[in-house]
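**Student:** Requesting a structural model of the entry that follows:
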Amino acid sequence: MAEERIIIAGFGGQGVLMLGKLLAEAGMNEGKQVTWLPSYGPEMRGGTANCNVIISDEAIGAPIVTEATGLIAMNLPSLDRFESSVLPGGWLLLNSSLIPRAPSRRDLRVLSIPANDIAQRQGSPKVANVVLLGACLALCNPVQKASVASAIEEVLGKTRQHLLSINLNALEAGIEAAATVPV
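**Tutor:** As a prediction, the model looks like this:
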């Protein structure tokens, strides 16, 4: 991997920014160059939220992603807004629980998994973001699974360690789901 430029988008409350932060933390754990640039609407919960994450082996010029190598779309408005930002030959990771249609472009690798349904089976709809993170690892391998597991533990901190096992299970469920779906 030379560089992954990823847009992660959904609505507030889906854990979009945390997903990006976990990717960035994992990249830092591996000694890579990273940027994480969050953006959200006026309402934190329910408004639009997205972030740009760049993970690179070399210095990064700017944190804004205008030409993405990949998109993680957690809902339909996010797919509609950001699909055109992905470079030809890039990838789309879609939450098919909330995106009822296929993407309009045919020049991208597409992986659709029902992240909300998988998260619910893990015991909490709140881990759909981590399910998608696992699927991202399987799709493009921007960082190692062990680095993400460590980042989850770091980001949760001491006060939320009781959430560690459900998040690690969701990560594994996302990896497994991605392995069963042809790209």
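**Student:** Centre-most residue in the protein?
**Tutor:** Nearest residue to the geometric centre of the chain (C-alpha atoms, centre = their mean): residue 133, 4.6 Å.
**Student:** Keeping just the C-alphas, turn the helix or strand encompassing it into PDB.
**Tutor:** According to DSSP states H and E, residue 133 maps onto helix 128-140. Taking C-alpha atoms only, helix 128-140 is exported to PDB below (Å, rounded to 0.1, in the frame of the first residue of the first chain):
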ATOM      1  CA  ALA A 128     -22.200  -1.200  12.800                       C
ATOM      2  CA  ASN A 129     -19.300   1.100  12.200                       C
ATOM      3  CA  VAL A 130     -16.800  -1.400  13.500                       C
ATOM      4  CA  VAL A 131     -18.400  -4.100  11.400                       C
ATOM      5  CA  LEU A 132     -17.700  -1.900   8.400                       C
ATOM      6  CA  LEU A 133     -14.100  -1.300   9.600                       C
ATOM      7  CA  GLY A 134     -13.600  -5.100   9.600                       C
ATOM      8  CA  ALA A 135     -14.900  -5.300   6.100                       C
ATOM      9  CA  CYS A 136     -12.600  -2.500   5.100                       C
ATOM     10  CA  LEU A 137      -9.600  -4.400   6.400                       C
ATOM     11  CA  ALA A 138     -10.700  -7.400   4.300                       C
ATOM     12  CA  LEU A 139     -11.400  -5.300   1.200                       C
ATOM     13  CA  CYS A 140      -8.200  -3.100   1.000                       C
END
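**Student:** That helix packs against which elements?
**Tutor:** Here helix 128-140 touches strand 3-11, helix 16-29, strand 68-73, strand 86-95, strand 109-113, helix 115-122, helix 145-156, helix 164-180, going by 3 or more C-beta pairs under 8 Å, 6 or more residues apart in numbering; DSSP states H and E. Glycine gets a C-beta too; all of them are placed from N, C-alpha and C.
**Student:** Verify the contact between residue 65 and residue 52 for me.
**Tutor:** Yes. Assessed by C-beta atoms under 8 Å, residue 65 is found in contact with residue 52 at 3.9 Å.
**Student:** No further questions, thank you.
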